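Participant: Fold the following and give me the result.
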Amino acid sequence: IFLERAADSFSGCRVFSNGFAFSFHSCDTPRQTRPLRVPERTLLDRQVSMKTAGDDIDTLLFDLDGTLYAIENGHEAACRERVFRFMVDEFPGEFPDVDAAENAWRPQFRKYNQTLRALRAGLGLTVDSDKYWEVTRGDPGELLSVNTEALKVLQAVTKKHPALKKVILTNCAEKQAKECLKVLGLLDFFDAVYGADTMGAEMCKPELNAFDRIKNLAGFEYTKTVFFEDSVKNLAAAKELGMTCVLIKSETTREEGTRDDGFAPDHVIDAVTLSEIERILPGLLL
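Facilitator: Reported below is the predicted structural model:
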């Protein structure tokens, strides 16, 4: 049985996927003629198309907030409210109320991409990092619970590909990230959790140096890594380095606004679920 290649049809004959041309009579019965010489580019395209998306990946890199739980569930908003209250409580002479704190925070956060850096480098405040993270991240169990959909994905890819690396890269502190992952029921599936502690006070996503540091520590190759993230600016940096980029649609995406540099993620999904992974990267589940 031959499959017709409609894009390569000619008058009086049709070209099939095995590279042969056939002429057709009125009875529509194919008669084999001389072999058709297939251009080298076509052969290459055919070989690429036979590969299954995701089957050449050896590392899955995940953001945390807004990626492994829906940012709209309220946990991230509660963290931000605690940030503004922390600013008022710790620096009452600088910020008379939470509105003033938020107004001072917002432009610095856009510049530095992490609140602790925004407070220190942007606003010139002296902040105790341990107290900051403990207060602002709070108890993840108040609003988060086991993410059964993401759990199914991690169980499936781990079963199919035991050697596949699974790594967290977040801009929050690692202690609080692990607490969050534990509540989500996902912590045990990750080989490493990297955050603000590892990246240090001077860098965070989307800075290329931050990605380089994590790559060297975790031992993965950019071109064999899929990065799941809800921040477009973080994905843009990752794509520049050669990673396959998967955007999780969320409020973060809308908050960051549109880009004018031509960037587009490789894939866009609603959430980390089996059906979405099967759609965009079926090789991870085969």
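Participant: Tell me where the stretch 151-286 of the chain has helices.
Facilitator: 174-184, 196-199, 208-218, 232-241, 251-256, 274-280 (DSSP state H, counting those that start in this stretch).
Participant: Hey, what's the angle from the fourth one to helix 208-218? Just curious.
Facilitator: If you take axes from the mean of the first three to the mean of the last three C-alpha atoms, to 10 degrees, helix 232-241 sits at 70 degrees to helix 208-218.
Participant: Does Thr115 touch Phe86 like I think?
Facilitator: No. Using C-beta atoms under 8 Å, Thr115 is not in contact with Phe86; the gap is 9.4 Å. Where you see a C-beta, it was placed from the backbone N, CA and C, and this is true even at glycine.
Participant: overlap in contacts of the two?
Facilitator: Common contact partners of Thr115 and Phe86 (C-beta atoms under 8 Å, 6 or more residues apart in numbering): Thr136.
Participant: So for those two, which sits in the more crowded spot?
Facilitator: More crowded of Thr115 and Phe86, by other C-beta atoms under 10 Å: Thr115, with 23 against 20.
Participant: Run through the residues that contact the more buried one.
Facilitator: Per C-beta under 8 Å, 6+ apart, neighbours of Thr115: Val83, Trp105, Phe109, Thr136.
Participant: Can you tell me how far it is from Ala210?
Facilitator: 16 Å (C-beta to C-beta, to the nearest Å).
Participant: Low-confidence regions, the stretch 51-200 of the chain specifically.
Facilitator: 51-52 (pLDDT under 70).
Participant: quick one: the strands in it?
Facilitator: 59-62, 165-169, 192-194 (DSSP state E, counting those that start in this stretch).
Participant: partners of the second one, with directions?
Facilitator: In the sheet containing strand 165-169, the strands it pairs with under DSSP bridges are strand 59-62 (parallel), strand 192-194 (parallel).
Participant: Any chance of CSV for those, columns distance to Lys165 and mean neighbour count?
Facilitator: Listed next are the strands paired with strand 165-169 as CSV, based on distance: least, C-beta to C-beta, whole Å; neighbours: other C-beta atoms under 10 Å:
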stretch, distance to Lys165, mean neighbour count
strand 59-62, 4, 25
strand 192-194, 8, 18
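Participant: These: which one's closest to Thr253?
Facilitator: strand 59-62 (16.3 Å; C-beta to C-beta).
Participant: ok now the closest one, how far from the chain's centre?
Facilitator: 8 Å (C-alpha atoms, centre = their mean, to the nearest Å).
Participant: Contacts for that strand, please.
Facilitator: With C-beta under 8 Å, 6+ apart as the contact definition, strand 59-62 has outside contacts at 68, 157, 164-169, 190, 214, 218, 220-221, 224-229, 238, 243, 272, 284.
Participant: For Leu123, find the nearest of the helices of the stretch 151-286 of the chain.
Facilitator: It's helix 196-199; of the helices of the stretch 151-286 of the chain, that one is closest to Leu123 (C-beta to C-beta) at 17.2 Å.
Participant: mind listing what's buried in the closest one?
Facilitator: Ala196, Thr198, Met199 (16 or more other C-beta atoms under 10 Å).
Participant: The first one and Asn171 touch, don't they?
Facilitator: When you say that, I think you mean Ala196. Yes. Assessed by C-beta under 8 Å, Ala196 is found in contact with Asn171 at 6.2 Å.
Participant: so what sits against both of these two?
Facilitator: Here Ala196 and Asn171 have Gln114, Cys204 as joint contacts, going by C-beta under 8 Å, 6+ apart.
Participant: Spit out the contact partners of Gly66.
Facilitator: Glu76, Asp230, Ser231, Ile248, Ser250, Glu251, Thr252.
Participant: Kindly report the same for Asp65.
Facilitator: Ile71, His75, Glu76, Cys79, Thr170, Cys172, Cys180, Asp230.
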